[in-house]
Structure formats: C-alpha cells, structure tokens
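Enquirer: give me a model of this one.
(chains A, B, C, D, E, F, G, H, I, J, K and L)
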Number of protein chains: 12
Amino acid sequence: MQVAKIIELIGESTTGWEDAIQNAVKNASTTVDHITGVEVLNLTANVQNGEVVEYKANVKMAFGVRDNR
Amino acid sequence: MQVAKIIELIGESTTGWEDAIQNAVKNASTTVDHITGVEVLNLTANVQNGEVVEYKANVKMAFGVRDNR
Amino acid sequence: MQVAKIIELIGESTTGWEDAIQNAVKNASTTVDHITGVEVLNLTANVQNGEVVEYKANVKMAFGVRDNR
Amino acid sequence: MQVAKIIELIGESTTGWEDAIQNAVKNASTTVDHITGVEVLNLTANVQNGEVVEYKANVKMAFGVRDNR
Amino acid sequence: MQVAKIIELIGESTTGWEDAIQNAVKNASTTVDHITGVEVLNLTANVQNGEVVEYKANVKMAFGVRDNR
Amino acid sequence: MQVAKIIELIGESTTGWEDAIQNAVKNASTTVDHITGVEVLNLTANVQNGEVVEYKANVKMAFGVRDNR
Amino acid sequence: MQVAKIIELIGESTTGWEDAIQNAVKNASTTVDHITGVEVLNLTANVQNGEVVEYKANVKMAFGVRDNR
Amino acid sequence: MQVAKIIELIGESTTGWEDAIQNAVKNASTTVDHITGVEVLNLTANVQNGEVVEYKANVKMAFGVRDNR
Amino acid sequence: MQVAKIIELIGESTTGWEDAIQNAVKNASTTVDHITGVEVLNLTANVQNGEVVEYKANVKMAFGVRDNR
Amino acid sequence: MQVAKIIELIGESTTGWEDAIQNAVKNASTTVDHITGVEVLNLTANVQNGEVVEYKANVKMAFGVRDNR
Amino acid sequence: MQVAKIIELIGESTTGWEDAIQNAVKNASTTVDHITGVEVLNLTANVQNGEVVEYKANVKMAFGVRDNR
Amino acid sequence: MQVAKIIELIGESTTGWEDAIQNAVKNASTTVDHITGVEVLNLTANVQNGEVVEYKANVKMAFGVRDNR
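Expert: Model (predicted):
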C-alpha cells in the first residue's frame, strides 16, 4: 500500500480524551477501512456551571488507500 | 451528535475576505449539511498590474456527522 | 510608561472582522484605559443554514499600566 | 453577549490531566461566571524518584463578559 | 472556478521524496480531477537495518471544485 | 520565469485590512514590476480613545525576477 | 497550591532585555503576590536615529492563586 | 545544580496517555537519575480493526546533570 | 564581517527540489556576492494532468554585507 | 507614512545579543533611513574550545518608506 | 518494546537531501540499534561561489530501547 | 566531518542569559568535544519576592561526530 489519506475529526466524550478519540475512531471506521492511527491536534473541553461537561479532541486520522494507478 | 468532521477549502472573492469565506461556505453547503463554523488558516490575494484583484481565504470548516456506531 | 499589559478577548460581529475587533476594543475600553493596539490571533465565523452569520476575532490587546514601583 | 474574555491558568492533579483541568475550571469559577470552555495549551508532569507525581495542564479558558457599551 | 478543496495524503517511494509526491498525485488523480498543486507538510523515512528503505511525504493537495451555487 | 523574490511590507489603512494590503501593493508596484500575490502574515490595529483608528497588515509579496543566468 | 494563573506583560528598559523583564516583574509584584517565574515570548527593540534606544520583552508571568474551592 | 539536560522519548500504553508517560519515565529512570519533569510534545495512538489499541506520548524529559566545571 | 543579510526567494525546477534551490542560488548570485547558505522554508509543486510538472522551493538565503560603520 | 518595509539581518557581537542587534541596526542605518524597530527571530552563538565566542541575533527590521503613489 | 528514544542529527551530502539523511542514518547505526525511522526538521544547504556545494538535513531519529523495568 | 549531533540543555545563571548559555556550553564541553554552536529555544527566569533571581536558557547544542562508517 503506497498511499495513505489523512482526515480530520473531532471526537467528544463526557469521560475523557482517550474516550473522545475512541469515539472518533469508531465513528470513522463505519465508513473507512484500514485506519492505522490518530494524532492529536488539539484538546478542548466544554464547561457548564463551573464543571467540565465534555472533552473534545481534534485528531488527524490516517488510513490506507488502494494504489490503483 | 458526538463526532464532527473537518474539511479544508479555499474561498475566493473580488471584494474581500469575508465574502471569500461566504463563497466557500455556500459552495460546501450544497453537498454537506450541518456546517457549524469556519476557522481561517491563511489569507492571500492575487495581484495584477499593481492592484489586488482577488482575495483568497484558506479555511477549515466543521460539520456534524451522524454517530452511527 | 515602562510596562504594558496584554489581555486576550474575542470580539463578535454580524458584519465582518473589522467590526468584531471594534466591538472588542469598545467593550474593553469601558473598564481599561490607555489601550494602544490589538493583534489578531485567530479569525473564525459561525455558520447557520449554509451562511456565515457571525464573524469572530480572537485578539490580544495591549494597554499601558502605571509604573508604580 | 458579544464579547468573551480569555484567561490562562495551570491546573494540577495527582491523578491525570482531565482532573487537572477540572481543578483549574472549579477554581476559576469561584471568581468568574459564564465559563464556556477550555483549550489545552501544554501538558506537563512533575517527576520524583522515577515516578510521575503530578500532572499539570496549561489551559486557556473563555468566559462571556457583559457588553456594557 | 471560485472554490478549491484541500486534501491531505502521504505518498511513499523507495527512491526519494520527489517520487513519493508523484505517487501521491498519481494515486489521487484517479479519483479527483483538476489537481493544481501540492504543498509538503512533513518529510519522513522508514529505516531498516541501518538504511533508509522508504521515503514518505505528507502533502496537502489542492483541486478545483465546480461552483454550483 | 524561473525565480521569484519575496519581500515583506506593512500596509496601513483607516478603513480595513483589505484596503491596507491594497495600499501596500500599490506602493510596492511603483518600484517593483510583476507582483503576483500577497500572503498575510499578521493583522494588527492601532487604538486611540477606545476606538480602532488604523488597520495594519504585515504581508509577504511575491514578484517575478528575470532569470539572467 | 493547586492552580496558577498566567498573565502577559511587556517590560521595557534602555539597558537590555534582562533589565526589561526585571521591570515587568517589579511592576507586577506591586499588585500580584507569589510570582514564580517568567517566560519570554518575544524580544523587540525601538530604534531612533540608527541606534537601539529601548529594549522590550513580552513575557508570560506565572503566579500561584489560592485554591478556594 | 546549574545545568539540566533534556532528552526525548516515546512512551506507550494500552490504557491511556498518563500511563504512557509513566512508562517512559520509569524506563528512563533505570539509567538516568534526577528526572524532574516531562513535557508532552505529541499525543498519538495506534488503531487496529476500528479501535484504539495503543496510546503513545512523545515527551521531553529534563534531568539535572552535575556541574563539574 | 559582522552583519549578514537574509533574502527570500522561490526557485523552480522541472526535475526536483535540489535543482530548484540551485536555480535560486545561481540567479541570486548574479546580483549578490558572498552567499553563504540557504534554508528551506517551504516545498511545493505544480500539478498538471495528474503529474507533478514543476518543483518549487521557498528559501531564505544569507549573504555577508560589508560592515561600513 | 502609510507603508513600512521589513528586512531581515543577522547581527554579531563578541559581548552579547543586545550588542549584536546594535551592530545590525548601525550597519543597516548606513543605507536605510527611518528604521523604527527590530524584532528578534532567533538567537544563536558560535562556540570554540568550549566557550561561546560570538553571539548572533537574527532580526526583522522595520523602516518607513515614502508613499509615492 | 514499549519505549522509544529520539535523537537529533544533521546529515550532510554533496548530492542531495536523500543522501544526507542516508549518511545520518548510517553513521548513527554504527552505535545505535533498532533505528525505525527519521523525520526531517530542517533542510539547509551551504553555498560557495554561487553554487550549492553541500546539502544538510536536520533529522529526528527514533530507535527502540529495551524496557528493563 | 559529515554528521553532527544535536543535544538540548538548560543553562542557568544569576546574572543573565549570555552567562546562562556560557554555563551550559562549559558544562557540556567537559564530556563532549567539537561543540560548534548553540541555538536558543526558550528563555525563562525564576522569580522570588518580586525579583528575578535566576535566568534560564533552553539551548540546542551542535557538535561534530566522527564519521566511522
């Protein structure tokens, strides 16, 4: 496999950033095969009433694409 | 909605950068629903005969994707 | 005046980024004197129904502070 | 609300970075209302005797300010 | 054409980085028309037994999209 | 034309950043031919009495140079 | 002390950058206790008649805040 | 101690990034004394069959070195 | 020689990036003496009909200037 | 004066970085008028026999240019 | 193998950057086992008499280290 | 000499940053030969009782390594 494609997603979770990227990976894997890894671009969180209520992770996700030249 | 996707576009306009991103958003919204926002990555302009003739804006655009796990 | 302080704000406007930073400056100047300038950190926009509806500008704002050593 | 302010804090925790930003948010919310979110700038940790003993997170925190022009 | 789209790919080659981006461009052009240029984001290489065995180039690739507003 | 040169300028305007770069381009074009484009490096503004009074744009400007090898 | 706050200042001096940050620290310490350190963000200088006449240092300054949850 | 040295490592863990840096610190502390802290440079994760299977953290690690001038 | 000047150029070549910077250096050396080195800022390439047709390298170029104070 | 130009230089000194930028400013002011300020891009030093022997500062230097449109 | 170490080297070559990193990898592999890959940090070149005479590549190099906790 | 190695250190001094990197260079030169230069990554300072008490400089340091392939 000579070419990989990179997409960017934002995963969210109420429990933490590891779970947020798990959510992003699971969601993407329903439409994309051969995901090999993710790289975190940015970590943020939403706050309500003085408490963090949602963790968000911007990630780049790499997956192999068939080389059909 | 627990996952968002990010795409990158370049919008162009002869009048200014605000119009350039309006163009990018309008164009993308013909094929993508639920666009929530844009972030400017880079602002450039084309020049001819000593005058700016076109404003260009590289933007990241976020839109929600259904969480179909 | 030998020391300046820097604060960060997000100004918003429905018409454009120049107006967004005007809003940030006007708002800050109700509580801070001697604002000398702003530097744009990030330009974003909110989108609804395929149209940009709000321009937002993250800015650093400098203002002089009296040197009271 | 047309203007938001951004402050920077360092939260600490002995258990992890999610808890560190919870601490930063809880502490800030005792003096600031309307915190809407945090963005991680930097993650560090203190080490003693070959073990991580404290997780630290530099965060930017946004909160709305009344537009009293 | 008033809008361009940007995608990110990783091209690979056993001979060098110029060939790696040629591979990425040729692969992408089987599914995307009107590619106008690439910009290198990152150059890496895989090593085995003390020799570089594969050159990899992360690239952003721009292509025109029809403006169908 | 095989080589381009890049210079950096700061354009100013009392009306906005698009006008500021127009000023920079018009000024440079009195001494440099073949300017092809500008890229924004930094957007700032001067403030007086709680109002933005001048918009400033740091830009890189590219122009072709004759290849006289 | 579990939370620290970060502020940004610009110190100035006619003799050098070390003195410029000393000025920033001394000025800030008249209103803030428990400053623990500074980090240089940017070093600049003002020039008049072909001579540097003032050194300026943008610094981030950290100070502890009581954890009053 | 007047001089510190910085090394870069990649720690891995199947449970999360906090554990990944714990692994990096524990491993390094078998050969290096006086490690004082780590700073995260990059967070990544390996994916297999649509699930994150390994968390990886690139860290800079500081440790004191004897000043033997 | 106590002062060096830095200029920025874009070299182009149909064969590769090493040749592109050779072109930039040769072109600049027709008008500037004492060029000592180049640093790559950005590597791009133009694409036509699904093939890279031109390699471009943005470079900073340093050259000594006589210290005529 | 509505337009400023930015040039980049490297100043050197055997005594320190403040003196290095003084050298760069003095040298440039022999051919350029109206220099208003410098911004440090990079600080380096040459070492010989285990001692720093020369301090070098990469600086951007701004100077006003007549607006002769 | 749960931990990798990263070192930084500068490889040089008179023929090009691919050869420069080959030189860096071959040199490092005489003292370090299990090198898995390199990442380019910076590409530079030395110039003499208006010609590039040496290509230099700053690279980060990763190699596995035994996990001997 | 075809390969150089880069290490990172933090030098400290009570008098200033030039002295801090002198300390880092002198300390490193007791164990490493052929140090050719340093590049500043970060300048910080420790503060006590409202005064800077220690200047710290993170530096990359390059030294030649014998090419023993």
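Enquirer: my guess is residue A:23 is in a helix, correct?
Expert: Yes: Residue A:23 forms part of a helix when assessed by DSSP: H, G, I helix; E, B strand; the rest coil.
Enquirer: secondary structure class for residue A:31?
Expert: The three-state label for residue A:31, taken from three-state DSSP, comes out as coil.
Enquirer: now it. Its backbone dihedrals?
Expert: Its backbone dihedrals place residue A:31 at phi -120, psi -10, with angles given as degrees, to the nearest 10.
Enquirer: the host helix or strand of residue A:26 near chain B at all?
Expert: Secondary-structure assignment from DSSP states H and E places residue A:26 in helix A:17-28. Yes: using C-beta under 8 Å from any C-beta of the partner chain, a contact is recorded between helix A:17-28 and chain B, made by A:23, A:24, A:26, A:27, A:28. C-beta: built from backbone N, CA, C; applies to glycine.
Enquirer: tell me the spacing between the residue nearest to the spatial centre of chain A and residue E:65.
Expert: Nearest residue to the geometric centre of chain A (C-alpha atoms, centre = their mean): residue A:24, 3.9 Å. The span separating residue A:24 from residue E:65 equals 25 Å under the rule C-beta to C-beta, to the nearest Å.
Enquirer: ok, now which ones touch residue A:46?
Expert: With contact set as C-beta atoms under 8 Å, 6 or more residues apart in numbering or on different chains, residue A:46 has these partners: A:52, A:53, A:54, A:56, D:36, D:37.
Enquirer: so which residues of chain A form strands?
Expert: With DSSP state E as the definition, chain A shows strands at residue ranges A:3-13, A:35-48, A:51-65.
Enquirer: can I get the ones you listed in TSV with mean pLDDT?
Expert: Output for the strands of chain A, formatted as TSV (pLDDT from 0 to 100):
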stretch	mean pLDDT
strand A:3-13	97
strand A:35-48	98
strand A:51-65	96
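Enquirer: distance to residue I:9 for the ones you listed - can I get that in a markdown table?
Expert: Compiled in a markdown table, those are given as follows (distance: least, C-beta to C-beta, whole Å):
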| stretch | distance to residue I:9 |
| --- | --- |
| strand A:3-13 | 30 |
| strand A:35-48 | 31 |
| strand A:51-65 | 31 |
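Enquirer: wait, residue A:42 touches residue D:39, no?
Expert: Yes: under the criterion of C-beta atoms under 8 Å, residue A:42 is in contact with residue D:39, at a separation of 6.9 Å.
Enquirer: these two: who's more crowded?
Expert: In this view residue A:42 and residue D:39 are compared by other C-beta atoms under 10 Å in any protein chain shown, and residue D:39 has more residues nearby, 17 against 13.
Enquirer: quick check, that one in contact with residue A:41.
Expert: No: at 11.4 Å, residue D:39 and residue A:41 do not qualify as touching, with contact defined as C-beta under 8 Å.
Enquirer: return the residues in contact with the residue nearest to residue A:27 when sequence neighbours are not counted.
Expert: Take residue A:27 and drop its neighbours on the chain: the residue closest to it by C-beta to C-beta, 6 or more residues apart in numbering or on different chains is residue B:3, 4.3 Å away. Residue B:3 makes contacts with A:9, A:10, A:11, A:12, A:23, A:24, A:27, A:28, B:64, B:65, B:67, as judged by C-beta under 8 Å, 6+ apart.
Enquirer: neighbour-wise, which of the residues you listed leads?
Expert: With neighbours set by other C-beta under 10 Å, the maximum within the contacts of residue B:3 is found at residue A:24, which has 31 neighbours.
Enquirer: per-residue pLDDT of the closest residue to chain D within chain A, please?
Expert: Among the residues of chain A, residue A:50 lies nearest to chain D; the distance is 3.1 Å by C-beta to the nearest C-beta. The per-residue pLDDT reported for residue A:50 equals 96.
Enquirer: which ones are touching the nearest residue to it once chain neighbours are set aside?
Expert: Nearest residue to residue A:50, sequence neighbours excluded (C-beta to C-beta, 6+ apart): residue D:29, at 3.1 Å. Applying C-beta under 8 Å, 6+ apart, we find residue D:29 in contact with A:47, A:49, A:50, A:51, D:35.
Enquirer: for stretch A:51-69, buried residues please.
Expert: Neighbour counts using 16 or more other C-beta atoms under 10 Å in any protein chain shown place A:52, A:54-65 of stretch A:51-69 among the buried residues.
Enquirer: farthest pair in those?
Expert: Maximum pairwise distance in those, criterion C-beta to C-beta, is 36.9 Å, between A:52 and A:65.
Enquirer: hang on, the earlier thing: now the residue nearest to the centre of chain A. Nearest residue, chain neighbours left out?
Expert: Among residues not flanking residue A:24 along the chain, residue A:11 sits closest, at 2.9 Å (C-beta to C-beta, 6+ apart).
Enquirer: residue B:6 is in contact with that neighbour, correct?
Expert: No: under the criterion of C-beta under 8 Å, residue A:11 makes no contact with residue B:6, lying 11.5 Å away.
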